Each structure stands twice: as structure tokens, then as C-alpha cells.
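A.B. asks: this is a predicted model, with the sequence first.
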Amino acid sequence: MKAKFRPGIAILLAASLLGATNVHADDLLPPPWRGQPLTTLTEWEFASAANPTPPDGTIPSVIGDGGGGGPLASIFGLVQWDPFDGDGAWIGTGTPTTLPGQIILDLPNWIDTEPLKLIQIQMTVQRYIRQNTDGTTELITPHVASIDAFDPTGPTSSMLLQVLPELIVDPLNGTFLRTELWKIQPNPDYERIVLNVPVDTLIDQLVIDTISRVPEPAAVIQVAIVVMGIAAATCLRRRV
């Protein structure tokens, strides 16, 4: 079993307000809409190189009503599977000048007329800070490169809304939780999430939540509580 970093009291209080009674693996920031109508949930542990395709984790998939195929993960380019900490991970190979490897995820969606879709992607990653020749630094981390929406009725657009403050998952192996919140408008039939895995970084786990409607105002307030809790815990760790 992995030694997990447990966030501070503020985050635990926020989790209780969200009704999060169980935490699965590195699922530290479950969104407040999880389990509501028109939502989906998928997880990949990448337990083996032969199993990137269907979700292979312990969180059950809440699949939509037929929009697109999947859930499905496909591996492309300069990445290789590694046992890592016992449950598997995909590591970027090659050189800093080569194109990064990619994990491409196809997610089904509900077929409805809602105006937009929100997608939260939790990624357990290893990353590093690169020193550039001009004296600047750059954070090299796996990240969402794009989200392509597929809707036969017309064009759609995607936008990164927020990258939440990172959380330490395991200080022994240097893993962090990177959480990105995206918007697709109008709501598509299904979407394809493209993740870049730069050289010498890795993705250990993915947890992806979607909702194909605008959350209630109370849910937005709950998200703000979680973000404030993360910020408070991060500041506390830096002072220690």
C-alpha cells in the first residue's frame, strides 16, 4: 500500500462538507457534483502495460447513455510502462527536444441538450523543475494538451478554466496531484482528452469526473471551500 500524504484539517473539513465518505487511491479532490444526474466517473490505475484500454481501477464507471465509445485509453509515442510503486505508471521517454508521448482518452457522454460540460481531471504525476540557459525555470509536468469535443450537430470549443493548487501524494516517490478543470461548450456527444507526458515525467493514476450541466450555486461554493482549504494547507506546509 502506498504511503499517502493526507491534507490538512481544512481539506478534510471540506471533504466532509462535500459528502466524501470514501477516498479511492489518489482521488483527493472529488468534485461536489459526483453522483448527480448527467455525470460520469472513470479511473485508470495503469496496473499493467496490457491494460491501458478500459478503466482498471476500483472506482466504478458511470457511463453515459450511448454517446461515443469508451471509456478508452490509448498510448502513443515516447512513453513506456513501468511497475513504479507497485500499481504501474506511464513514463515519458526520448529527449527534451522530442515530442512528448501521449495518453489519449475517449469518454462517453450523456445525449442531452445541456449548454455545456465540465470536466475535472485528477492526475497523479511526477514532474520536475527545469533550469533554462537564460536563468529562468520551467515546471515540466504531465498535463492536458487539448480536449477535442465531438458533436454531429455543429462545432464545439474547449477551455481550461483552472489548475488547482498541487497536493503532495507521496513524498517518498515524489508524486503530486495535478487537477485541471475544463469546460466544453456546447455539450458534445463525447470527448477526447489528450494528455502530454514529457520526458522524465510520469502519470501514475487518472480520475476523471464530468457533468453535462451547470452545477448548482451551492456546488460552486463548495468548490471554493475546497480550493481555500488546499491553499491553506499548502501555505502551512511551506512554513514548516
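C.D. replies: Yes, it's here.
A.B. asks: number of nearby residues for residue 201?
C.D. replies: Using other CB atoms under 10 Å, the number of residues around residue 201 comes to 22. In short, each C-beta sits where N, CA and C put it, glycine included.
A.B. asks: same question, residue 182
C.D. replies: By other CB under 10 Å, the residues close to residue 182 number 20.
A.B. asks: contacting residues for it?
C.D. replies: 118, 119, 120, 121, 144, 147, 158, 159, 160, 161 (CB atoms under 8 Å, 6 or more residues apart in numbering).
A.B. asks: cool, residue 191 as well?
C.D. replies: Residue 191 sits next to 68, 106-107, 109, 117, 119, 147-150, 158, 184, 210 when contact means CB under 8 Å, 6+ apart.
A.B. asks: same question, residue 101
C.D. replies: Counting by CB under 8 Å, 6+ apart, residue 101 touches 75, 76, 77, 78, 79, 90, 92, 93, 94, 196, 197.
A.B. asks: tell me which residue of the protein is furthest from the middle?
C.D. replies: Here the chain reaches farthest from its C-alpha mean at residue 134, the gap being 31.8 Å by CA atoms, centre = their mean.
A.B. asks: how about that residue, phi and psi?
C.D. replies: Main-chain torsions, residue 134, degrees, to the nearest 10: phi -90, psi 10.
A.B. asks: equivalent analysis for the one 4 residues further on, please.
C.D. replies: Phi and psi for residue 138, reported as degrees, to the nearest 10, are phi -140, psi 130.
A.B. asks: quick one: contacts for it?
C.D. replies: By CB under 8 Å, 6+ apart, the contact list for residue 138 reads 129, 130, 132.
A.B. asks: still on that earlier bit, quick one: the residue farthest from the centre of the chain from residue 99, how far?
C.D. replies: Distance, residue 134 to residue 99, by CB to CB, to the nearest Å: 23 Å.
A.B. asks: now residue 145
C.D. replies: Counting by CB to CB, the gap from residue 145 to residue 99 is 11 Å.
A.B. asks: ok, residue 27 next?
C.D. replies: Residue 27 sits at a distance of 30 Å from residue 99 (criterion: CB to CB).
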